[in-house]
Structures are given as structure tokens and as C-alpha cells.
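Chemist: Sequence unavailable; structure follows:
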């Protein structure tokens, strides 16, 4: 089935204990679609400025992303982010620079050809925008959303409107605590599901993921990674693998969701092995499947 | 096969957001043997003072622990600990009081009847003592050890001697970082195994456990617990369930170790539901098996 993501694409500068990457492609949109591309042909609705390099557009083609909804807006500036991961803990980072640019302007239009989209991922943007985008997809079968601290704090009521209208929420543990007031992630997932969604997925980074679903729970560790160069995009590539797998099987049962979580976990574990999309550029479906099999074995009790 | 633990038993006073428990039984020895008792008849070598209440001794009988090695020493004082878990994060605690008492005196003698012990767990004590105890069990088939910050910092060389002589190490993530200098737990486990043990188990509390083994990896999430009253003894009941299961099957293959980790995870998840041994006093093997099945299902990908 068709999969669409509405998320930002930008230009990142990243510093980590492993080195530095200057002006590389970033943003949830590229990580999500690249990850989803191993399972389906993802669609994207996003806007970049005329400073967005041709080689970055070519990367969408490399991953066979449907870019009918990628607007390159004349006179606008692409979103830029500069981050630095801590030397003593690569799971923490500081933002050194942020230029919202085009993200402060009007939303990109949704092409006619996307109106039949069935699997929809509302990546991080203002709740107002998520609501507006949601309504563009009348044939939606599964809608999943992400958000961040900023919107939880500043646009809480609007955000709760979005939560009440989606099938699933994916957020990280810090955001879940901020949103629900619960430091126990099981209770935080309960809280979210009480507000409408069929499932709540709480990402714990290096500690894996839990999901509360109407029909039961999922709990998976992270893949034990010995090489972490750049954690940027781990959450977005996780979401892309998850949604891409689901769209490819066209099923939203608890069993399929659990497999989706595992595929998302695998792709995120590759993504962090190099800066930006460096690792995904060469990653094959066969590598993903082999790591998936090894991962399943690590949890095998039977 | 026979299982023995050499660990402290004490009198705890515990404060948590859920309330307070005054002068209850505590120490690694009771949590470990109670957990192991669901699988085998564990032996214990430990010493308490003459202030140790009769009802605490009766608790060992309740769990059918072999107490030939439980010495009640006249004129000595039982080890006491007073801890308080944080209101905003129950996974952190402060020690408000500590009286080592009998732990500063001579080791308890190992009864003749224990000389044939095959599965040995060296719970937390000075590395010197762990080495002395190790040599008391010439028929040992599997020796696993635990340690804490204090000995990693103050008795490092002696501790490395113990590590080089055991089959497995169980420690938590903070201790693993302190011991190895690695903040990546995969590399920390590699570091430990490079020093001799066939496996290294790193406990991550609410985030589960990973194990590096000569033959491969295990990675398990924690059981998603919605009720945490008192985390005291979670690590010791985990170790007791793990070792108890292994002794009961008499096998140390990677598959058995993985199942042992899951049983340990289950018992720890029950243990934290009440103060001290409150929950384990009523816990049945059937409850453990039912939660184990539910847990396996949460990770099921097939």
C-alpha cells in the first residue's frame, strides 16, 4: 500500500566524537524515506529552498523516493541544523545552530497524485500543520505521528487534538514523560492510548523500544551496536523502517507491528554507523535481513 | 545440580515513593536464594549476628533454602542498610545509613556438606573473600560473580584476578562503565570477556539486559512493569532466577543461558512489586511461567 511522510528535509552540520560532517543532508524526511525505501516506494511532502544542492535531490532518486511532493521554493532558505554529540556520552547532544528558514513559511502543497495515500506518517512539525496535512488524505488507513518537546510545551492542547485523531504515536522516553507526567513508561503508554490511539510506541534509544497496543504489548531491546558514529536520524530511520514494512505487508495486526518495530530497529542500527546517510547509501536489503535474523536469535527463548 | 550462593543477609530499612518498610530482611543472599528456590534447593554461606530475628530465619525455611551454611554468630551484629528511593525517579536511591557489622569480621565457615557444590554464585563481597570462597568448591562447574563500585575503585587488581577465574560476570551498566572505561555496553562486555570469562551479563535495570557470550549475544528488554514499589534486590533476584534455572537444567549452553536471563527478568519484575520479600512470599512458579510466556510473546517476531 502507499506510504507518505510529511517531514522536513534540511542541511545539517554534525560533530561527534568520531569527527565532523559539514553541510550534509538531514531532516526527518530523508531519513524516513531512505529507510522506508527498502520496503516500498515512499512519497514525501516537503519544501526546501533554492539553496538545496542538486546532489541532495539526487539522493532521493537513489532511494527511489517519489518526489512529486518535494517543492524547491525560489527565494527561500532550506532549514539548517548544527549539532554536537557529547564526547563522554554519544547519546546526548547540544544544538549549536538552528535556522528554521522555510519551515516558518507556508506548507508545501500536496500533489493530486498523493490524495490516495493510505499509510501516513506525520513527522515532527507544529500540531496545526499536522492537522491540516491529515485532512489531505481521505483514504488514510493508518496514521502515525511524532512530535517534540517544543510542541508538547507550547502547543499542548492542539497536540492533544492530533493525538486523538491518529492511530499511533511514536515518541521518545523524554518526550513521553513531558507529555504524560509519568516517569514509568508503561503508565506513559497507557496515558497516550487512553486519549484515542490504538498504539503508543516509546523509543528509548540505545535501550530499545516498547509499544502498548490495544491487543497487547511489544518490547524489544536495541541491536547491540559496537559502532556509533552519528545518532542523527536514528528515530526517523526507525519510524521509516517501521512504516515502510507495514505499508509493504498492508497489515496493522499486533504481529505485523512488532515485526515493523524490529525492522525499524535494524535500519536505525545501521544508520548510526556513519554520518548522515553515509551508511544507508550502501546498505542492502540483504544486510538488513541478515541482521534481523541475528537480532531475533538474541531474544530467542524457545 | 547443586547451587550455592555466598552473599550477605541483612536488615534493611527502605523508603520509596510508595511508603516505608522498617527493619525488613534484605541483602543479596535472601533475594538470590528466594528467587533460585523456584527451580532448585539453593545453599547459602552467610553470617548474621544474634540480633537476626527468628522470623527472618523462618523465611529461609519458607523458601526451602538449605541453611547449613547460615551462621548466627553470638556477640556480632547483623549488617544493616537504610536506603531511600527518589520521589521523581524510583531507579535512583541514596544510602542514608550503613552498618557493616559482621561483614567486617571473619568469613563464615563452609560446611562439609557443601564441598560438592557445582553451580556457584559469588555475590558482592571483597574480591579477596570471593577468591577464598571460590577455592572451597573444587567440583564447581559454573562460577558467576557480581561486584560493586567500591571494589572496582579500591581493589581493582584483586578484582581482575577474580574476573580471570570465573565463567561469567553479572554487573550493572554503571559498574561496567567504571570497570572498563567504555560507555558503550557492547564494548564493555567485550572488554570483560577478553579477560577470561565465557560470558558477561550487563544489567540495565528498567532497560533490560545484554549478554556477550563466546557463542553469541543475548539481548532482552525488561518486563514492562506498571507497579514498582521497591527496586531493592532486583539485581539479586535476577541473578537467583538465572542461576537457579541453570542449575535445574544442568546446562550452560547459550540457549539455556538466554532462558535463564528471561527467568531472572521475570522474578525481578515480581520482586519490585512490594517491599523486601513481600511479593516473593506469595509468588508461585505458575505465576512466573505465565508471565514468562507473555514476555516471550512481546518479543515474538516469527
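Modeler: Arrived safely, thanks for sending. These numbers were taken from a predicted model, which means no experiment stands behind them.

Chemist: ok, now which ones touch the most centrally placed residue in chain A?
Modeler: With distances taken as CA atoms, centre = their mean, residue A:236 lies nearest the centre of chain A, 2.4 Å away. Residue A:236 makes contacts with A:7, A:28, A:31-32, A:35, A:123, A:146, as judged by CB atoms under 8 Å, 6 or more residues apart in numbering or on different chains. Quick note: C-beta positions are derived from backbone N, CA and C, even for glycine.

Chemist: now the strands for the stretch 101-250 of chain A?
Modeler: Applying DSSP state E, counting those that start in this stretch to the stretch 101-250 of chain A gives strands spanning A:119-122, A:142-145, A:168-172, A:199-203, A:209-213, A:216-220.

Chemist: Please state the backbone phi and psi of residue A:123?
Modeler: The phi/psi pair for residue A:123 (degrees, to the nearest 10) reads phi -70, psi 180.

Chemist: Tell me, how many residues neighbour it?
Modeler: Around residue A:123 there are 27 other residues, counting by other CB atoms under 10 Å in any protein chain shown.

Chemist: leaving aside the residues next to it on the chain, what's closest to it?
Modeler: Counting by CB to CB, 6 or more residues apart in numbering or on different chains, residue A:7 is the residue found nearest to residue A:123 once chain neighbours are left out, at 2.9 Å.

Chemist: Chain B is nearest to which of the strands of the stretch 101-250 of chain A?
Modeler: Closest to chain B of the strands of the stretch 101-250 of chain A is strand A:216-220 (CB to the nearest CB; 3.9 Å).

Chemist: Give me the mean pLDDT for that closest one.
Modeler: The pLDDT scores in strand A:216-220 average 97.

Chemist: And that strand, what's buried?
Modeler: For strand A:216-220, the neighbour count (16 or more other CB atoms under 10 Å in any protein chain shown) marks A:217-220 as buried.

Chemist: quick one: which of those is nearest to residue A:139?
Modeler: The closest of the buried residues of strand A:216-220 to residue A:139 turns out to be residue A:218 (CB to CB; 27.0 Å).

Chemist: thinking the closest one is in contact with residue A:259, fair?
Modeler: No - applying CB atoms under 8 Å as the test, residue A:218 and residue A:259 come out as separate, 9.6 Å apart.

Chemist: just for chain A, where's the confidence low?
Modeler: For chain A, applying pLDDT under 70 flags no range at all.

Chemist: Grab the longest helix from it for me.
Modeler: helix A:254-271 (DSSP state H).

Chemist: now the contacts of residue A:236 in CSV, with secondary structure?
Modeler: Formatted as CSV, those follow (DSSP: H, G, I helix; E, B strand; the rest coil):
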residue, secondary structure
A:7, coil
A:28, helix
A:31, helix
A:32, helix
A:35, helix
A:123, coil
A:146, coil
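
Chemist: Residue of the stretch 51-200 of chain A nearest chain B, please.
Modeler: Nearest residue of the stretch 51-200 of chain A to chain B, counting by CB to the nearest CB: residue A:186, 4.3 Å away.

Chemist: Quickly note the distance from that residue to residue A:210.
Modeler: Using CB to CB, to the nearest Å, residue A:186 is found at 7 Å from residue A:210.

Chemist: Could you tell me which residues touch both of the two?
Modeler: Common neighbours of residue A:186 and residue A:210 (CB under 8 Å, 6+ apart) are residue B:224.

Chemist: Could you confirm whether the longest helix of chain A reaches chain B?
Modeler: Yes - Helix A:254-271 is in contact with chain B by CB under 8 Å from any CB of the partner chain, via A:255, A:258-259, A:262.

Chemist: about what we covered before: specify the stretch among the strands of the stretch 101-250 of chain A that is closest to residue A:136.
Modeler: The closest of the strands of the stretch 101-250 of chain A to residue A:136 is strand A:119-122. By CB to CB, the value is 9.0 Å.

Chemist: who touches the closest one?
Modeler: By CB under 8 Å, 6+ apart, strand A:119-122 touches A:1-7, A:32, A:130, A:133-134, A:137, A:140-146, A:162, A:166, A:239-240, A:243, A:246-247.

Chemist: List the neighbouring strands of it plus their orientation.
Modeler: strand A:3-6 (parallel), strand A:142-145 (parallel) (DSSP bridges).

Chemist: ok now the last one, how far from the chain's centre?
Modeler: In terms of CA atoms, centre = their mean, to the nearest Å, the centre of strand A:142-145 is found 11 Å from the chain centre.

Chemist: just to revisit the earlier point, by how many degrees do the next helix or strand after the longest helix of chain A and helix A:254-271 diverge?
Modeler: Proceeding N to C from helix A:254-271, the next assigned helix or strand is helix A:285-298, under DSSP states H and E. Orientation of helix A:285-298 against helix A:254-271 (axes from the mean of the first three to the mean of the last three CA atoms, to 10 degrees) gives an angle of 110 degrees.

Chemist: Identify each buried residue in helix A:285-298, please.
Modeler: Neighbour-count burial for helix A:285-298 flags A:288, A:291-292, A:295, A:298 (criterion: 16+ other CB under 10 Å).

Chemist: which other helices and strands contact it?
Modeler: Where contact means 3 or more CB pairs under 8 Å, 6 or more residues apart in numbering or on different chains; DSSP states H and E, helix A:285-298 is packed against helix A:254-271, strand B:216-220.

Chemist: how about those in JSON lines, adding distance to residue B:113?
Modeler: Below are those laid out as JSON lines (distance: least, CB to CB, whole Å):
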{"stretch": "helix A:254-271", "distance to residue B:113": "48"}
{"stretch": "strand B:216-220", "distance to residue B:113": "34"}
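
Chemist: okay, the ones you listed, which one's buried deepest?
Modeler: Mean neighbour count, computed with mean count of other CB atoms under 10 Å in any protein chain shown, is highest for helix A:254-271 among those, reaching a mean of 24.

Chemist: Now for residue A:301: which residues touch it?
Modeler: B:258-259, B:262, B:292, B:296, B:299.
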